[in-house]
Structures are given as C-alpha cells and as structure tokens.
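> Prediction below, plus the sequence it came from.
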Amino acid sequence: LISSATKSLRMETEILEKKLQDAQMKLAEKDGDREKEIQSLKRLISELEFQLTMEKSNNESFLDKLRKEIKHKSDELEKLSQEKTQLIHSLSQVQEENSLLQDTVRRECEERFELTAALGRAREQVLELRRLSGTLP
C-alpha cells in the first residue's frame, strides 16, 4: 500500500514537475517576448525623442528667423514712418509757401491793375492838357 502510494505520489510529483517545467518555459518565453517588446519600445521612444528634439531645433530656428524678420520689418516701418512725417512736414511747408506766393501774386496783380488804371487816367489827363494847351495861344 505504501509502495503503491509512493509510486502514485512519485508519478504525481513527476507530472507536477513536468507542468512546473512547462510553466517555467512558458514564463521564460513570455519574459523573452516581454523583454523584446520593452527593447522595441525603448528604441521607438529614443527615435521619437530624437524627432522631438529635431522638431524643437527646427522650430527654434524658424522662430529666430521670424523674430529677426519682424525686427527688420519693424525697423523698416519706423524708418518709413519717420520719412512720412518728414514728407508731411515738407508738404505743409511747400503748401504754406505756395499760399504765400499766391497771395503775393494776387497783391502784385492788384497793384498792377491799380497802376494800369492810374496810368490810363494820367494819359487821359495828359491828352486833356495837350488839347487844352493846343487851344491856348
């Protein structure tokens, strides 16, 4: 009876040991697969980190270019604004000078008209005097 029980226990132990070995082999395979997956994910993470670094670098470079361009355009705009202010000031002076010249021309024309009228009256008076003097002995 003991021999039979021992034999039965040994068989059971062998079966259990075989199941344990199978389970250990499956576990080792799963560990190997998991390790491969971990390595693959680490490589993917490294690649993505590299791409992210490159994108950051490209973005920084692009932003620097944009900042420089904005600064250049801002300086250019400031210069053009100053030129515009100067041109407006010059235009104002020219308009003022033009107005003064027009006023001067108007006054001179009025004077000329008055002088022409006075000359005409003087001629008439001279002619009148000549006629009068021509009738006198």
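Okay, I see it.

> For the spatially most central residue of the chain, give its distance to Lys56.
Nearest to the geometric centre of the chain sits Ile70, at 5.0 Å (C-alpha atoms, centre = their mean). Distance of Ile70 to Lys56, computed by C-beta to C-beta, to the nearest Å: 20 Å. The way it works is simple: take the backbone N, C-alpha and C, and place the C-beta from them, glycine included.

> again, but for Thr135
As judged by C-beta to C-beta, Thr135 and Lys56 stand 116 Å apart.

> quick revisit: ok, so what distance separates the residue nearest to the centre of the chain from Glu76?
As for Ile70, its distance to Glu76 is 11 Å (criterion: C-beta to C-beta).

> next one: Gln24
For Gln24, the distance to Glu76 equals 76 Å [C-beta to C-beta].

> Ok, Leu87 next?
For Leu87, the distance to Glu76 - C-beta to C-beta - is 16 Å.
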